[in-house]
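Asker: Generate a structure from the sequence data that follows.
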Amino acid sequence: MNTVHTVGEILPEVWEQSLVKLSEIGGVIDTEYGERSIDAPAILVVKNPFGEPRVNLKGIVAGSLKGLLEYVDEVIRGVHDHLAEKFGYTYHERLFSYKLPNGSVVNQIEKVVEKLRKAPYTRRAQAITWQPWRDLETEHPPCLQRMWFRVVDGRLVMHVHMRSNDALKAAYMNMYAFTELQRYIAERVGVGVGYYMHVADSYHVYERDWKWFKAFVEQIKSGDSKKRWISTQSYLETVRKLSR
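Answerer: Residues are numbered from 1 along each chain as shown. Presented below is the predicted three-dimensional model:
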C-alpha cells in the first residue's frame, strides 16, 4: 500500500496537502462500522507548527467555531475528564493520569518533562494511551497511541502515533491540539518548539464524506481553500465577537 507523506511549513498547508495525496493514492477498505473508507498509512511533518496562518477554518468540525479552543482545553487542561468513565477515556486522562490495574496513577507528561530536563537527548521521553486490559474489548478505543519527545538543537520535537485518524473530520483538530501540548511541554522544559510529526496507521475518509472530500480536494488544488487560512489572532478575535 502507498503511503501519504507530506512535509511543509505550517499546519493548514500540511493538512490540506495530505488530503490531496490521500485522494490520489488511498485504497478503498471496509470498516467495522459497516461502510467503506478511502484509507492509507500517513506521515505528516510540520516544520514550523506555530507558523502563521495557523488556523484552517475548514478543519474545525466540532460543531462551533470555538470548538477548536474547547478541544485544546480537553487535551491539555482536562475539562472533560469527568466524562472519562462514561466514554472510556479522554486523552488528558490517559496522558496526565494514566490508571494502572493496581490502582496506581502515573502523570506521564510530568515524567516526560522531568526526563527531558535531565537528559534532553533521551529516546525514552514518551507517553502512551493504550490500556490492553480495557481497550482490546471496548467499541471505541483511543485513536492516539503514543507521543514521543526529544530536544534537538534547543527545540522540542514531537512525534505522534495514531492507530486510526479521520483525515477529513479529525486530523486537523488533533494536530492543532497536540502541537499546543508540544508547546506546553517545551515551556516547562525551557526550550523552543521544533518540528511536529504526525503518523497514522489508518489515515482515512469515511464513505459518507466522500462527496465533501472530493469537493474540498478540488478547492485545495485550485487554491481557493487558502481563503480559510487565518492567523491565530484573527481566529481568537472572531471567537470573542461571536461569544458576546
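Asker: So which bits of the top strand by length along the chain are buried?
Answerer: Counting by DSSP state E, the longest strand found in the chain is strand 192-206. By 16 or more other Cβ atoms under 10 Å, the buried positions in strand 192-206 come out as 193-206. C-betas here are computed from N, CA, C, even on glycine.
Asker: what's the spacing between whichever helix or strand comes after that strand and its chain's center?
Answerer: For strand 192-206, the following helix or strand on the C-terminal side (DSSP states H and E) is helix 210-222. Here helix 210-222 shows a centroid-to-chain-centroid distance of 21 Å under the convention Cα atoms, centre = their mean, to the nearest Å.
Asker: which residues touch helix 210-222?
Answerer: Residues from elsewhere that reach helix 210-222 (Cβ atoms under 8 Å, 6 or more residues apart in numbering): 16, 17, 19, 20, 23, 38, 58, 168, 205, 225.
Asker: rewinding a little: mind saving the C-alpha coords of the longest strand of the chain as CSV?
Answerer: Only the C-alpha atoms of strand 192-206 are listed here, as CSV (Å, rounded to 0.1, in the frame of the first residue of the first chain):
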residue,chain,number,x,y,z
GLY,A,192,11.6,26.3,22.0
VAL,A,193,9.2,24.3,19.8
GLY,A,194,10.7,22.2,16.9
TYR,A,195,9.1,20.2,14.2
TYR,A,196,5.9,18.1,14.6
MET,A,197,5.5,14.7,13.1
HIS,A,198,2.0,13.0,12.8
VAL,A,199,1.9,9.3,12.0
ALA,A,200,-1.3,7.4,11.3
ASP,A,201,-1.6,3.7,10.6
SER,A,202,-5.0,4.3,9.0
TYR,A,203,-5.5,7.8,7.6
HIS,A,204,-9.0,7.7,6.2
VAL,A,205,-12.2,9.3,5.0
TYR,A,206,-15.5,7.5,5.5
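Asker: so what strands line up beside that strand?
Answerer: If you go by DSSP bridges, strand 192-206 pairs up with strand 36-46 (antiparallel), strand 155-162 (parallel), strand 165-166 (parallel).
Asker: Would you mind getting the angle between the longest one and helix 210-222?
Answerer: Angular relation of strand 36-46 and helix 210-222 on a 0 to 180 degree scale: 30 degrees, by axes from the mean of the first three to the mean of the last three Cα atoms, to 10 degrees.
Asker: how about strand 36-46: buried residues?
Answerer: 36, 37, 38, 39, 40, 42, 43, 44, 45, 46.
Asker: And the strands paired with strand 192-206: which comes nearest residue 177?
Answerer: strand 155-162 (10.3 Å; Cβ to Cβ).
Asker: can you pull the contacts of the residue nearest to residue 157 when sequence neighbours are not counted?
Answerer: Leaving out its chain neighbours, the residue that sits closest to residue 157 by Cβ to Cβ, 6 or more residues apart in numbering is residue 194, at 4.1 Å. Residue 194 makes contact with 151, 152, 153, 155, 156, 157, 158, according to Cβ under 8 Å, 6+ apart.
Asker: Check residue 26 too.
Answerer: Per Cβ under 8 Å, 6+ apart, neighbours of residue 26: 4, 38, 39, 40, 203, 204, 205.
Asker: Next one: it, what pLDDT does it get?
Answerer: The model reports residue 26 with a pLDDT of 98.
Asker: Include pLDDT when you put the buried residues of strand 36-46 into CSV, please.
Answerer: Output for the buried residues of strand 36-46, formatted as CSV (pLDDT from 0 to 100):
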residue, pLDDT
36, 98
37, 98
38, 98
39, 98
40, 98
42, 98
43, 98
44, 98
45, 98
46, 98
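Asker: could I get those residues as TSV with distance to residue 91?
Answerer: Converted to TSV, the buried residues of strand 36-46 look like this (distance: Cβ to Cβ, whole Å):
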residue	distance to residue 91
36	27
37	22
38	25
39	23
40	24
42	19
43	21
44	18
45	21
46	19
